[in-house]
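Undergrad: Following is a predicted model, sequence given first.
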Amino acid sequence: MPLVKDQRSSPDPAAIIDFPPEASSLAIRGLSLAYGDKTALRNLTLRVPRHRVTAFIGPSGCGKSTLLRVLNRLHDLNDEVVREGEVTLEGEDIHAPEVAVAELRRRVGMVFQSPNPFPMSIHDNVAFGLRLQGGLSKRKRDDIIEWALRSAALWDEVKDRLRASAWSLSGGQQQRLVIARTLAVGPEVLLLDEPASALDPISTLKIEELIRNLKSHLTLVLVTHNMQQAARVSDYTAFLQHGELVEYAPTDTLFTNPRLARTENYITGRMA
Amino acid sequence: MTEASSRRLRLPRGEGAGAWLCAGSVALSLLALLALLALLTVRGLGHFWPSPVELVVLEDGRQLAGERVREVPLAEGDGVERLYRTGNRDLDGDRWAWVRVSAIEAVSHPADIVVLERRRWGQAIGRLAAFEAAGGERLEGEAAWPALEARLDELDALRDARDRLREEVILPLAGQRVEDSAERTLDAAHARLRELQAAMAGGRLSLATADGETLSVPLEQVLGARRPNAMSPLDRLAVWGDGVWRFLSEGPRAANTAGGVWPAIFGTVLMVMLMSILVTPFGVLAAIYLNEVAHQGRLTRLVRIAVRNLAGVPSIVYGVFGLGVFVYGIGGRLDSWFFEAALPSPTFGTGGLLWASLTLALLTLPVVIVATEEGLARIPDQQREGALALGATRLEMLSRVVLPMAAPAMLTGVILAVARAAGEVAPLMLVGVAKLAPQVPVDGDFPFLHLERKFMHLGYHIFDAAFHGGDVQAAMPLVYATALLLVLVILVLNLTAIFLRHHLSTRHGALTRR
Amino acid sequence: MLDSPPPTAVRRRLRQGRDRLATALITAGGIGVIAALLAIGLFLAVEVVPLFWPSGESSAIPPEALWGAGEAADEASRHRWAPTASLAPDEAPRISLVPLAWGTLEAAAWALAIAVPLALGAAAHSSLFMSRRLRSRLKPTLELMEALPGVVVGFVAGLVLAPWVERHLAEVAACLLLLAPGLLLAGGLRSRLPPRLQQSLPLGWAGLWLVPWLALVLAASVWLAPWLEAVAFDGDLRRFLEQRLGFDIAVRNALIVGAAMGFAVMPSVYALAEDALSGVPASLAEGAQALGATRWQTLWKVVLPAASPGIFSAVMIGAGRAVGETMIVLMASGNAAVMTLNPLDGLRSLAATIAIELPEAGPGGVHYQLLLLAALALFVFTFLVNTLAELVRTRLRRRYRRLGGGS
């Protein structure tokens, strides 16, 4: 890992995020956001490293899910939202008028808290995004579907019943199906909004393993309530409170040697 | 408490009294509903059952033959009056006879009494005196009945052949007689038609009525003849089935007091189909706009309440709107632009199929909008976000995920709309229903579907036959049957909607339980 | 790694364009449809304007004429509706809408008088006592009752019920008198039954097993009617009513209309009232029962007050339906525009008048405009009543959510 210096020995908080700007996939500058007159995010600035797992942690209502939804512009659905500041994906402003939202969302995939497979067969769920893009032969599409299901570690469980309803799967399988569905359209970034909070421990472990495997070619952003989970899977962790970024550091540093008392209180309070 | 007091009949107290009255109101409502349905079923279906004909001898020696209808206590004094349907309106001027029960000497059920269904004048009841074949051959006594039956069967077959010839050969050719071959076929067909007509002509029968008169009826006037007193239960069942079938498949006769309701069924179905073709896309469009596209602010909320309330606006108001805007406004304009030649007699400037369908579509629009909106609101936002997160545009999200999931709700809405429209009569009285429409709105002439024509409707048929017919007594059985038919259609539609909604809610349960 | 090929720019633009077009179409269509719906009120208002502010040679109708010209000698003939009658030159036009409005309200009032107690009783029973299974069946059954076409109900009321009632006044009176005692008797008899039998006739299913009992009670009242007539009404109820009370008796009268329309309106009132009652948070009722109240006391003291706005809105919705119902009134009322308080006299409603007269009134004439004014009145009245009901219901729902969440 040439881009990231080992921070375990460094006590200097200023030097903590030291990957160069060109190594960042997403960059957020001065982002503020409000629902009507309720502020959700205040002047956030941070960079998300490419092909790493970045976790956002913080108490409920701290704005971490909101931040995630900004990154693929799902907040567009709500027309009460007022936004300031800039978000760039590989150097392009995602809110620029010439950006096609649908294409942005293809590049920045998202997996939600509770699994939301469509009421179709397993196959059709994964094919959904591919069909939207069009221009693929059926054979090529089926190859991609198999690859996506394999990447999501689901292939062996469902290969004999691809035509079965996606709703017949268990919760953990559904969540992996949703991940496979998202992988199939070839995103660069994968946003995960508490992907395991509705699952049992074994399914959770499977998802976590999947996340670790996926970072070889994807940038992952994970929102989680679960401190251990953040510690287990992420490379960097950002702690948010009241819509502000409190501390952002490599995961090991943040959990073992937090710079601020606020961070320490939150982490120890939960971890104790 | 002593043994005696516990045994005394106590009226329920406290929890009881009110509770029983409340339970009673449920029971009373159910009883009323049951009674109404039972009344319609019994009277509507019973009419087609060939009831026995009684031959009544009165004290003063007079005789009459007829089907017993009902008994009514006399207004003054004791005693009961009985109503008989005696037919023979051309002889007596009336087809009913009231008889004081106390004045009846004897009642018998002679097997040889014949009931005729006639094209004009309704039923005739009497004994078959003679049958005269087309050739002039005359049969009397017992031999007459089998001959008559055979001849009537023959006539039925001939009539069928004629109708088929008309529909299958002559009408399709009539429009396009250019080619020689077509001309020749047509001429041949006309020749055959004349042959058939000739074969049907002639013949008559004489009927000796109970009061001693003779009625001579040409055979082409006779639609059917039966001897109800001589029938076995199986025969009766066959006659009953035949009656029901003819009720459903034939047109009305004798100013809507006899015959069937086929044109009304056809008109109702056609109008309702047109209406649902109009209401479905617009209703769904408006619901999608309200729920998926519009800014969810105060204005949208107000519009939503207004749309809901429009479902409660009386149907007659929609009828007034239809008359003023569609018929007089748009229809009048259309007439002055395209149908000037026909003026002053209006083409589209009067009630018709198109305007009726449009009016009812407007009337049922709130039903479809509300049902669709409910279906859309039930779909979790996660499904929408899931589609968007995969790079779908809003249109793709709506058409591939949201609308398929909301389809059962939309279908429910459309079925409820159809059920409401099928029973609505008041607005139709203003925008296009007819007492008797000689032409069905669909025929072989271009453009095949005649949107400007008036049409018949089951509901209006009930109103008209019950209130505007000359002889309400005679029309009553048919009105019962028509009402039963209408209620059945609406019950089936509503049950379908209820079933769909139930299905929907269990599926929705699967969705949220997960 | 297998990756999907990046989508071509052309296709992307096509999808975007299609999306924009569809959004525009949906917006335009949606607004158009809703505007067409709302145009109904506007149309009626615009068409009625010339009645009061005429243009050109036609003269305005004096507004007083609509609520009755003052000169006529007696009260009854002041309010006359006969817009097509030929008048003497100096006679005021007989265009008073008062008798029609009176007829409309009278019919609605009688319908509500019958529907509301029935519906509320049924709602109270089904939300408090009824077994869950029966309740889930009763709702769709009553929905079917609501769906029965007005023309069928009107036919049965006008041509079957009305003549029967006219001939059997005493029987009807006996049925009405014996209905409630009969029900209480059922309760009393049940409490005397051995426990085994009592259990097979549970209160939760009373709505069902009381049906045959009620039929029995009604049959008994018909049988007892002559005796009642002899004892209480000098042997002839009809003469008693006509001579003692001075009632005219029309075959098709307000009571018949009320019964038929009550039957038609009852299911919708029931549905809304039942929603309101069963929506009362269970914690509230349980709290009262924990203090020792019976279920019946709980209903009166706790549930009813909490649900009263919902019940109010249910009654309002019922009133809206009863005012606008056309076919039942048309077929069961006799359509005579008389203004009396006598429930056995006929009446003529606004809606029925529109249905009868509008096809004959030429467009643009005064008669036409008057009928449109009547339609406008119906529209405004039902719209206001429904809006009021809807607002009350929304507020109530919010209150339940607070109560339910707070406890």
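TA: Arrived safely, thanks for sending. All of these numbers come straight from a predicted model, not from anything done at the bench. Numbers count the residues shown, from 1 in each chain, chains lettered A, B, ... in the order given.
Undergrad: just checking, B:Phe326 touches B:Leu358?
TA: Yes: at 5.5 Å, B:Phe326 and B:Leu358 qualify as touching, with contact defined as C-beta atoms under 8 Å. The C-beta positions use only the backbone N, C-alpha and C, and glycine is treated the same way.
Undergrad: so where do the helices sit in the stretch 151-300 of chain C?
TA: Secondary structure of the stretch 151-300 of chain C (DSSP state H, counting those that start in this stretch): helices at C:162-167, C:169-192, C:195-200, C:206-232, C:237-239, C:254-279, C:282-290, C:295-298.
Undergrad: Equivalent analysis for the stretch 101-250 of chain B, please.
TA: B:144-165, B:171-174, B:180-200, B:233-249.
Undergrad: Least reliable of those helices by average pLDDT, please.
TA: With a mean of 67, helix B:171-174 has the lowest mean pLDDT of the helices of the stretch 101-250 of chain B.
Undergrad: pLDDT-wise, which helix or strand of the chain ranks last?
TA: Defaulting to chain A. helix A:261-271 (a mean of 76; mean pLDDT, DSSP states H and E).
Undergrad: could you do chain C instead?
TA: helix C:75-78 (a mean of 54).
Undergrad: okay, the helices of the stretch 151-300 of chain C in JSON lines with mean neighbour count, mean pLDDT and distance to chain A next?
TA: Converted to JSON lines, the helices of the stretch 151-300 of chain C look like this (neighbours: other C-beta atoms under 10 Å in any protein chain shown; pLDDT from 0 to 100; distance: least, C-beta to the nearest C-beta, whole Å):
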{"stretch": "helix C:162-167", "mean neighbour count": "17", "mean pLDDT": "84", "distance to chain A": "54"}
{"stretch": "helix C:169-192", "mean neighbour count": "18", "mean pLDDT": "84", "distance to chain A": "48"}
{"stretch": "helix C:195-200", "mean neighbour count": "9", "mean pLDDT": "80", "distance to chain A": "43"}
{"stretch": "helix C:206-232", "mean neighbour count": "17", "mean pLDDT": "85", "distance to chain A": "38"}
{"stretch": "helix C:237-239", "mean neighbour count": "16", "mean pLDDT": "74", "distance to chain A": "65"}
{"stretch": "helix C:254-279", "mean neighbour count": "25", "mean pLDDT": "88", "distance to chain A": "28"}
{"stretch": "helix C:282-290", "mean neighbour count": "14", "mean pLDDT": "79", "distance to chain A": "27"}
{"stretch": "helix C:295-298", "mean neighbour count": "18", "mean pLDDT": "79", "distance to chain A": "39"}
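Undergrad: surely B:Leu390 meets A:Leu132?
TA: Yes: between B:Leu390 and A:Leu132 there is a contact under C-beta under 8 Å: 6.9 Å.
Undergrad: Please tell me how far the closest residue to B:Leu484 other than its chain neighbours sits from B:Asp92.
TA: Closest residue in space to B:Leu484, ignoring its immediate chain neighbours: B:Gly44 at 3.4 Å, by C-beta to C-beta, 6 or more residues apart in numbering or on different chains. As for B:Gly44, its distance to B:Asp92 is 27 Å (criterion: C-beta to C-beta, to the nearest Å).
Undergrad: So for these two, which sits in the more crowded spot?
TA: B:Gly44 (22 against 15; other C-beta atoms under 10 Å in any protein chain shown).
Undergrad: elements contacting the helix or strand in which the more buried one is found?
TA: Using DSSP states H and E, the element containing B:Gly44 is helix B:15-46. Applying 3 or more C-beta pairs under 8 Å, 6 or more residues apart in numbering or on different chains; DSSP states H and E, one finds that helix B:15-46 contacts helix B:472-513, helix C:98-128, helix C:132-147, helix C:169-192, helix C:206-232, helix C:254-279, helix C:295-298.
Undergrad: for the nearest residue to A:Leu154 once chain neighbours are set aside, what are its contacts?
TA: Closest residue in space to A:Leu154, ignoring its immediate chain neighbours: A:Arg176 at 4.5 Å, by C-beta to C-beta, 6+ apart. Applying C-beta atoms under 8 Å, 6 or more residues apart in numbering or on different chains, we find A:Arg176 in contact with A:Ala152, A:Ala153, A:Leu154, A:Lys206, A:Ile207, A:Leu210.
Undergrad: Top of those by number of neighbours, please.
TA: Result: A:Ala152 is most packed of the contacts of A:Arg176 (other C-beta under 10 Å), 26 neighbours.
Undergrad: Hmm, that one is touching A:Leu177, no?
TA: Yes: taking C-beta under 8 Å as the definition, A:Ala152 is a contact partner of A:Leu177 at 7.1 Å.
Undergrad: ok, of the contacts of A:Arg176, which one's closest to chain C?
TA: A:Ala152 (13.5 Å; C-beta to the nearest C-beta).
Undergrad: Could you tell me which residues of chain A lie near chain B?
TA: Proximity of chain A to chain B is confined to A:72, A:74, A:77, A:79, A:101-103, A:105-107, A:109-112, A:114-119, A:128-129, A:132-133, A:167, A:171, A:174, A:178, A:181-182, A:185 under the rule C-beta under 8 Å from any C-beta of the partner chain.
Undergrad: picking that back up, which of the contacts of A:Arg176 sit farthest apart?
TA: Using C-beta to C-beta, the contacts of A:Arg176 span at most 11.0 Å, a distance reached by A:Leu154 and A:Ile207.
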